[in-house]
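Q: Mind looking at a prediction? Sequence and model below.
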Amino acid sequence: MVPPKKTHLFDDGQKAPLKDAKRFNAKTTRTNGGDMAMETVIGLEIHAQLKTKTKLFCSCAISPGAEPNTLICEVCTGQPGALPRMNAKALELATKAGLALGCSINHRSLFSRKNYFYPDLPNGFQTSQLDPPICSGGGLEISAPQGSKRVRLNRIHLEDDAGKCVHDERRGKTLVDLNRAGTPLIEIVTEPDLSSSQEAMEFMKKLHSLLVFLEVTEGRLEEGEFRCDVNISLRPQGETKLGVRGEIKNLNSFRHVGQAIEYEIKRQSALYAKGEPVLQETLHFDPVRQETRALRSKEEAHDYRYFPQPDLPPVEVSPAEEEKIRLSLPASVEETTARLLGLGLREELTTLLLDRKGALDFFDRTLALFPEPKKIGALMEEFLLPASLAQNAPLSSSPFQPENLAQLAKLLDEGTLGRRAVQEIFAELYETGQDAEALAKSKGLLQVSDMGALAAMAAEVIAAHPEEAAKYRSGQEKILGFLVGQVMRRSRGAADPKGVGQALIAALNRTE
């Protein structure tokens, strides 16, 4: 496939079109009037760590939190003569992401060396894709104030990650951990189609949900597995040429993306209003001070001295392989959302099921065993998802499986268990995966539905609360809720609430 000739302003790995060369060479711009209406132009470069077991060009494992410099080899530490080997799973996941986002898959793409120096870059270059990348074009629909808006993609390309610098302020030293060096990434580069912090955050959240849903990435923001560089510039309203941009690097929080954009809009607007130059530079966002600070002048593609990576052959994705991956794609997020909403689930729960790893599969497997979607969804939202989040563990790691949830939902539906009983035993169920009915029985929590037993408890409560009983008989029917609560307390939540209400009404009417 022939790669598109027109390239993108916001991607370090792109060359400026010839007609834009003059604008690219100019590093500053001015406006002579402080009252000129300006509009914001935003493009994103999003790095997503691919969900592979090993690194992009070697067999070293990927394990966040491992002891520093224990997951390294001669390849990912840049030893002379060590040759990289392509990770086939990373190629598959990059293709999967591209197809889901409507990209064209380049059946033959190339790796290049992106040359720059930094202590955590052991090779002295990053292995990335320049021209052509693995994926071109595509886009993603987001909600915007004016309605649905399509944000175009310029490209998706593969590259390896750098290591990590650890700054030890106590000893005044910077240490380097190369465990992350060589981790596979895709960089997703948008066209400059975004115009506000809200749109940028909406795009990032929707893209994150999609890639996690597809299991392309784990997407753990706190681990840097989904992070973003924001390119932002201002221009007079109605102008078609882009203004001088600043690039805010390495934002791994949706909230920080919004805050950084808002600050940068104010900063650039103030400069334009005073007629002062806006410099093209790379910026760092300080979330504590809520401000951006300049790091260095902004690099262009020629600054990196790209040249083809001689140690790697071209990346090949055959049409047959592309079609196989396309057929393996699940229903889209939009289709899945519509299906879940059609089952009667609330929009908030639908979002949870899509965002949490393994949650949708857990729901569907439970639904096949007990076809009551609302009841299953309610149990997952109230008990299961909070339990897995509290342990910071995937649902698949718990002994509590869909069969257990289906049993619990059935016991609730039959009235064998009450919701309060579930509250008391769920933590133990989640930890052990044991039989819910047996556990509840051992703790005396099986729901009491026998009307004789309920009538006896109702009589005891009425005798203990004569004033409330009198109020009910005088027409204050709302007091019945209080009396039901007293019976439920006596039974430790084991009484059937519906039966309790019936027993109380019958007892109150008999003693009139």
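A: In hand now; what should we look at? Residues are numbered from 1 along each chain as shown.

Q: can we go C-alpha only for contacts and neighbour counts from here?
A: OK.

Q: For whichever strand or helix holds residue 206, name the packing helices and strands.
A: Using DSSP states H and E, residue 206 sits in helix 197-213. Other elements packing on helix 197-213 under the criterion 3 or more C-alpha pairs under 8 Å, 6 or more residues apart in numbering; DSSP states H and E are strand 139-144, helix 254-273, helix 347-355.

Q: hmm, try it at 6 Å
A: On a contact count with 3 or more C-alpha pairs under 6 Å, 6 or more residues apart in numbering; DSSP states H and E, helix 197-213 meets helix 254-273.

Q: just how off-centre is the helix it packs on within its chain?
A: Centre-to-centre, helix 254-273 and its host chain are 24 Å apart (C-alpha atoms, centre = their mean, to the nearest Å).

Q: For the following helix or strand past it, give me every contacting residue.
A: Downstream of helix 254-273, the next assigned helix or strand under DSSP H and E is strand 281-286. With C-alpha atoms under 6 Å, 6 or more residues apart in numbering as the contact definition, strand 281-286 has outside contacts at 246-249, 291-298.

Q: Next, format those residues as TSV and append neighbour count.
A: Formatted as TSV, those follow (neighbours: other C-alpha atoms under 10 Å):
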residue	neighbour count
246	25
247	26
248	25
249	19
291	17
292	21
293	13
294	16
295	13
296	11
297	14
298	17
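
Q: wait, which of those residues is closest to residue 95?
A: Ranked by distance to residue 95 (C-alpha to C-alpha), the contacts of strand 281-286 are led by residue 249 at 25.6 Å.

Q: Test my guess that the closest one contacts residue 231.
A: No: the criterion here is C-alpha atoms under 6 Å, and residue 249 misses it with residue 231 at 8.8 Å.

Q: about what we covered before: would you turn the contacts of strand 281-286 into TSV with secondary structure, pLDDT and distance to residue 309?
A: Listed next are the contacts of strand 281-286 as TSV, based on DSSP: H, G, I helix; E, B strand; the rest coil; pLDDT from 0 to 100; distance: C-alpha to C-alpha, whole Å:
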residue	secondary structure	pLDDT	distance to residue 309
246	strand	93	29
247	strand	94	26
248	strand	95	28
249	strand	94	25
291	strand	91	38
292	strand	91	35
293	strand	89	34
294	strand	89	31
295	strand	84	28
296	strand	77	27
297	strand	75	26
298	coil	66	24
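
Q: wait, which of those residues is closest to residue 485?
A: residue 291 (53.0 Å).

Q: From residue 194, how far out is that closest one?
A: The gap separating residue 291 from residue 194 is 21 Å, by C-alpha to C-alpha, to the nearest Å.

Q: quick one: low-confidence ranges for the stretch 151-300 of the chain?
A: Judged by pLDDT under 70, the stretch 151-300 of the chain has its weakly predicted residues at 298-300.

Q: re the thing from before, the helix holding residue 206: how far from the chain's middle?
A: 7 Å.

Q: Flag every buried residue along that helix.
A: 197-204, 206-213 (16 or more other C-alpha atoms under 10 Å).

Q: Ok, stretch 416-430 next?
A: Buried-residue list, stretch 416-430, by 16+ other C-alpha under 10 Å: 416-418, 421-422, 426, 429-430.

Q: sorry, back to before: show me which of the contacts of strand 281-286 is closest to residue 472.
A: For the contacts of strand 281-286, the nearest to residue 472 is residue 291 (61.9 Å; C-alpha to C-alpha).

Q: now, the most widely separated pair of the buried residues of helix 197-213?
A: 197 and 213, at 24.1 Å, using C-alpha to C-alpha across the buried residues of helix 197-213.

Q: before we move on, back to that, from the buried residues of stretch 416-430, which one has the minimum pLDDT?
A: Among the buried residues of stretch 416-430, residue 418 carries the weakest pLDDT, at 79.

Q: How about the residue nearest the centre of the chain, nearest residue that isn't a chain neighbour?
A: The residue lying closest to the centre of the chain (C-alpha atoms, centre = their mean) is residue 208, at 4.1 Å. Of all residues not flanking residue 208 in the chain, residue 219 sits nearest, at 6.7 Å (C-alpha to C-alpha, 6 or more residues apart in numbering).

Q: The one you found - how many residues pack around it?
A: Other residues near residue 219 come to 24 when the count uses other C-alpha atoms under 10 Å.

Q: before we move on, what about the one 10 residues further on?
A: When neighbours are counted by other C-alpha under 10 Å, residue 229 registers 23.

Q: show me what contacts it?
A: Residue 229 touches 44-45, 248-250, counting by C-alpha under 6 Å, 6+ apart.

Q: First-to-last residue distance for stretch 373-389?
A: For stretch 373-389, the end-to-end distance is 22 Å (C-alpha to C-alpha).

Q: Can you give the distance of it from its chain's centre?
A: On C-alpha atoms, centre = their mean, the centre of stretch 373-389 falls 19 Å from that of its chain.

Q: Name the residues that touch that stretch?
A: With C-alpha under 6 Å, 6+ apart, stretch 373-389 has contacts from residue 345.

Q: pLDDT wise, what is residue 16 at?
A: pLDDT at residue 16 comes out at 33.

Q: if we can go back for a sec, take the contacts of residue 229 and lay them out in CSV including distance to residue 85.
A: Formatted as CSV, the contacts of residue 229 follow (distance: C-alpha to C-alpha, whole Å):
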residue, distance to residue 85
44, 30
45, 26
248, 32
249, 29
250, 27
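
Q: How about residue 142: what's its closest non-neighbour residue?
A: Using C-alpha to C-alpha, 6+ apart, the closest residue to residue 142 is residue 149 (5.3 Å).

Q: And residue 150, by the same measure?
A: Closest to residue 150 by C-alpha to C-alpha, 6+ apart is residue 141, at 4.3 Å.

Q: isn't the one you found right next to residue 149, touching?
A: Yes: contact criterion C-alpha under 6 Å: residue 141 and residue 149 qualify, at 5.5 Å.

Q: Against residue 50, how distant is residue 396?
A: Using C-alpha to C-alpha, residue 396 is found at 20 Å from residue 50.

Q: which of these two has more neighbours?
A: residue 50 (27 against 15).

Q: Wait, that one touches residue 219, no?
A: No: using C-alpha under 6 Å, residue 50 makes no contact with residue 219, being 8.7 Å away.

Q: ok so, going back, burial of the residue nearest to residue 142, as a residue count?
A: The burial count for residue 149: 15, using other C-alpha under 10 Å.

Q: try residue 329
A: Neighbours of residue 329 using other C-alpha under 10 Å come to 13.

Q: ok, now residue 390?
A: Residue 390: 8 neighbours (other C-alpha under 10 Å).

Q: quick one, what contacts it?
A: Counting by C-alpha under 6 Å, 6+ apart, residue 390 has no contacts.

Q: try residue 54
A: Contacts of residue 54 by C-alpha under 6 Å, 6+ apart are 60-62.

Q: Quick check: phi and psi at the nearest residue to it once chain neighbours are set aside.
A: Ranked by C-alpha to C-alpha, 6+ apart and with sequence neighbours excluded, the top spatial neighbour of residue 54 is residue 61, at 4.4 Å. With angles defined as degrees, to the nearest 10, residue 61 sits at phi -70, psi 160.

Q: what pLDDT does residue 61 get?
A: 97.

Q: What separation do you get for it and residue 72?
A: Distance from residue 61 to residue 72, by C-alpha to C-alpha: 8 Å.

Q: per-domain residue ranges of the chain.
A: 31-302+312-320, 331-442, 451-510 (automatic domain parsing).

Q: a helix runs through residue 364, doesn't it?
A: Yes: assignment of residue 364 by DSSP: H, G, I helix; E, B strand; the rest coil places it within a helix.

Q: that older thread, so the residue nearest to residue 208, which state does it fall into?
A: Residue 219 is classified as coil under three-state DSSP.

Q: ditto for residue 339
A: Per three-state DSSP, residue 339 ends up helix.

Q: residues contacting it?
A: So residue 339 contacts nothing (C-alpha under 6 Å, 6+ apart).
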